[in-house]
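[1] fold the following for me, if possible:
(chains A and B)
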Amino acid sequence: MTLWTRAPASTSRRRRFSGKEALIAYACLLPSIVVFAVFAYYPLYALVQEALRQSNSFGTASRYVGFSQFSSVLSSGEFLSGLAHSALYVVFTVPVGLVAGTVLAVSAHRRLRGIKIFQTIFTSTVATSTAVSSVIFFVLINPEVGIFRTNILNDPRWALLGVSFSSMWANLGLCFIIVLAGLQAVPDELIEAATLDGFGAFRRFLRVTLPLLSPVYLFLIVVLSVFGFQAYAQIVVLTQGGPAGATQTLVYDIFNSQTPNLQGVGAVMSLGLLVVTAMAAAVQFSILQRRVQYGTR
Amino acid sequence: MSAVPASRTQVHHVARRARTAGWYLLLTALAVIILFPIYMMVVRALSTPVTYFGRGSPLYPVDVEWGVFRAAWDEGGIGRSMGVSTVATLLMTGGQVVTAILAAYAFAFLRFPLRRLVFVLFIGTLMLPIEVTLIPNVQTMRDLHWLNSFPGLVGPFLASALGTFLIHQGFRAIPTELLDAASLDGYGHMRFLTRVAVPLSKPVIASFTVIAFLGAWNQFIWPEAVSTETHWQTVQIGVAALSATTPDHSNIAFAGAIVASLPLVVLLVAFQRQLVRGLTAGAVKG
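    Next up, the predicted model:
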């Protein structure tokens, strides 16, 4: 936090706040503050309120139940299976993203004629939204009309993995971009020095490049985990939560708990998702800040 | 083995040639894997479904029918939803860029009370993605009668903590002496912001603009929640809805998916550098 506790641009000017300057500052901040207050912090307050109240089965009335709803929802099969599906989705997509991003970036990080074309192709999945990539995979792995007529999406044991294929492919562009940027930041002198020391290409990558890429991988792990936990469009397009609820993730459950009788349940699940996301965001911010510190000379 | 022993340099040369060829082979293989799904989308969009299935789903287009794009645009509703997406995306991108520049200016150049608290509250929003706040936000929109409207579609996305940080980082690189000099010249904050700070931070602002556009265009869960009428569907929702139709009309869904991706293809080609820089600094969901 050191960076931010220090006064902004003018460390030399030690003076008290001027009223006019503070007024201008808040005028500049006002638009963002309003948006954040109405659409981020008020909802947080509303979620806590809702989580403490339980609706009757018709959704016509609700009563204060305190924290009992937390324990009942958080230990319910629906929440736990939703959480498990979301976690599995992350487990499927993150390692594949790291490995595939590395393979693509290492292959395209060299001086060859036409390498820019390959780099653009490797980036191309960035131009497909989750909805579009899901529609594409719908045609690839659909049991009736797919290219590969697998039954993967109709089999409760495999459906989640099947859905995650679309994310693995759609994430390729992003993973490639991020690892490539990391590779390009590795100083040439280090690689040359390692070569002079008799390191072969493989050992050079393992002992010199990979350690230097660790912040890049951390960033990628966080980003892909957040994407994984937020997976929603894929499931709507490919399976609608089925078969037999095998692809109902936490976010899918939250979206479908918008009926009045489930308000409290949905609120508790949202707060559960918040805890998971918050941990990822905390790591993301610490990376962001470290980058700021290295970035300023 | 040739009769004449090859010289050392010749062997070297051949080995290098082979290695280069190997890399091209690998790069091509990877490119094929990445492009294959996109290629199949095009094949399926162009082929008339009944004939295509009749031929056993080949890897090339069958009975090509270009009218499918027109069908997707008109009957498929993609034209209408492209309009909704375009307006909503421009509003969100413009809104985020403007509010982020203003907030970043305050954090970078101004001293004000509770600065630290305000800053922490800005960071805090990173932990409150729309998936978490979905239910109460939909309720807010219902109360405001903003379901099925542009204010409803864009409201929560008119400010960005990520954008504020990225642009703040750009502003911090501006030497303090410049602010002092400008104020001696009689520049007010407004003029310093528009004439000095923003022009000097163009690269980072451009990068953020590009990723803000990308994120806005690709939104799914929020527009699905607040557009209950077909009329207010964004193109992502429209494409997902088309994909749920019968296999006999699946070509229309793929044509719609292609149309929905075109703005991003333009973005990727025209602003690749900004896109790469933006995504490296802070990834947005695709």
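
[2] use CA for all of it now, contacts and neighbours both
    Fine.

[3] three-state assignment of A:Arg63?
    Look at A:Arg63: counting by DSSP: H, G, I helix; E, B strand; the rest coil, its state is strand.

[4] beta partners for it?
    A:Gln54 (DSSP bridges).

[5] for it, give me the pLDDT.
    pLDDT, A:Arg63: 80.

[6] so how far is B:Val198 from it?
    Note on A:Arg63: its distance to B:Val198, by C-alpha to C-alpha, to the nearest Å, is 52 Å.

[7] neighbour count: the two, which is higher?
    Neighbour tally, A:Arg63 and B:Val198, criterion other C-alpha atoms under 10 Å in any protein chain shown: the higher count belongs to B:Val198, 18 against 11.

[8] show me which residues of the stretch 51-200 of chain B sit near chain A.
    Residues of the stretch 51-200 of chain B lying close to chain A (C-alpha under 8 Å from any C-alpha of the partner chain) are B:53, B:57, B:99-100, B:102-103, B:105-113, B:116, B:122-123, B:125-128, B:131-137, B:155-160, B:169, B:172-173, B:175-176.

[9] residue contacts, A:Thr195?
    Each residue near A:Thr195 by C-alpha atoms under 8 Å, 6 or more residues apart in numbering or on different chains is listed here: A:Arg204.

[10] show me what the helix or strand hosting B:Val42 is packed up against.
    Element membership of B:Val42, judged by DSSP states H and E, is helix B:8-46. When contacts are defined as 3 or more C-alpha pairs under 8 Å, 6 or more residues apart in numbering or on different chains; DSSP states H and E, helix B:8-46 packs onto helix A:77-108, helix A:115-123, helix A:130-141, helix B:250-270.

[11] which one of these has the lowest average pLDDT?
    Among those, helix A:130-141 scores lowest, at a mean of 87.

[12] check what contacts that one and list those residues.
    Against helix A:130-141 from outside (C-alpha under 8 Å, 6+ apart): A:145-153, A:162, A:165-167, A:170, A:233-234, A:237-238, B:37-38, B:40-41, B:218, B:220, B:236-237, B:239-240, B:243, B:253-254, B:257, B:260-261, B:286.

[13] so for the helix or strand just after it, mean pLDDT?
    Following helix A:130-141 in sequence order, the next helix or strand is helix A:159-184 (DSSP H and E). When pLDDT is averaged over helix A:159-184, the result is 93.

[14] quick one: contacts for the spatially most central residue of chain A?
    In chain A, the centroid-proximal residue (C-alpha atoms, centre = their mean) is A:Val226; its distance is 2.1 Å. Counting by C-alpha under 8 Å, 6+ apart, A:Val226 makes contact with A:277, A:280.

[15] right, and the helix or strand after the helix or strand hosting it?
    Using DSSP H and E, A:Val226 falls within helix A:214-229. The first helix or strand that comes after helix A:214-229 along the chain, using DSSP H and E, is helix A:233-238.

[16] how deep is B:Val14 tucked in, by neighbour count?
    B:Val14 has 11 neighbours, counted by other C-alpha under 10 Å.

[17] what pLDDT does it get?
    The confidence metric pLDDT takes the value 87 at B:Val14.

[18] so how far is stretch B:188-198 from its chain's centroid?
    29 Å (C-alpha atoms, centre = their mean, to the nearest Å).

[19] would you mind listing the outside residues contacting it?
    When contacts are defined by C-alpha under 8 Å, 6+ apart, stretch B:188-198 is touched by residues B:105, B:171, B:174, B:179, B:182, B:205.

[20] buried residues, the one helix or strand A:Ala46 maps to. List them.
    Take DSSP H and E as the rule and A:Ala46 turns out to sit in helix A:42-51. Using 16 or more other C-alpha atoms under 10 Å in any protein chain shown as the test for burial, helix A:42-51 gives A:43-44, A:46-47, A:50-51.

[21] can you narrow those residues to ones near chain B?
    A:43-44, A:46-47.

[22] residues touching A:Glu192, list them.
    Applying C-alpha under 8 Å, 6+ apart, no residues qualify as near A:Glu192.

[23] mind telling me what element it is part of?
    Taking DSSP H and E as the definition, A:Glu192 sits inside helix A:188-196.

[24] so what secondary structure elements neighbour the helix or strand following that helix?
    Of the helices and strands lying after helix A:188-196 in sequence (DSSP H and E), the nearest is helix A:201-204. Applying 3+ C-alpha pairs under 8 Å, 6+ apart, one finds that helix A:201-204 contacts helix A:188-196.

[25] report how many residues lie close to B:Glu177.
    When neighbours are defined as other C-alpha under 10 Å, B:Glu177 has 11 of them.

[26] lowest-confidence one in the contacts of stretch B:188-198?
    By pLDDT, B:Leu179 ranks lowest within the contacts of stretch B:188-198, coming in at 83.

[27] now do stretch A:186-194: distance to the chain's middle.
    Taking the mean of its C-alpha atoms, stretch A:186-194 sits 32 Å from the chain's own mean (C-alpha atoms, centre = their mean).

[28] quick one: low-confidence parts of chain B?
    Along chain B, segments meeting pLDDT under 70 span B:1-8, B:282-286.

[29] helix or strand: which one has the spatially most central residue of it?
    By C-alpha atoms, centre = their mean, chain B has its centre lying nearest to B:Leu214, at 1.5 Å. Assigned by DSSP H and E, B:Leu214 belongs to helix B:202-217.

[30] may I have that helix as CSV, with CA atoms only?
    Extracted C-alpha coordinates of helix B:202-217, given in CSV (Å, rounded to 0.1, in the frame of the first residue of the first chain):
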residue,chain,number,x,y,z
LYS,B,202,-3.0,8.6,-25.1
PRO,B,203,-1.5,5.1,-25.3
VAL,B,204,-2.9,3.9,-22.0
ILE,B,205,-6.3,5.6,-22.6
ALA,B,206,-6.4,3.9,-26.0
SER,B,207,-5.6,0.5,-24.6
PHE,B,208,-8.3,0.9,-22.0
THR,B,209,-10.9,2.1,-24.5
VAL,B,210,-10.3,-1.0,-26.6
ILE,B,211,-10.6,-3.5,-23.8
ALA,B,212,-13.7,-1.6,-22.4
PHE,B,213,-15.3,-2.0,-25.9
LEU,B,214,-14.4,-5.7,-26.0
GLY,B,215,-15.9,-6.3,-22.5
ALA,B,216,-19.0,-4.3,-23.3
TRP,B,217,-19.7,-5.9,-26.6
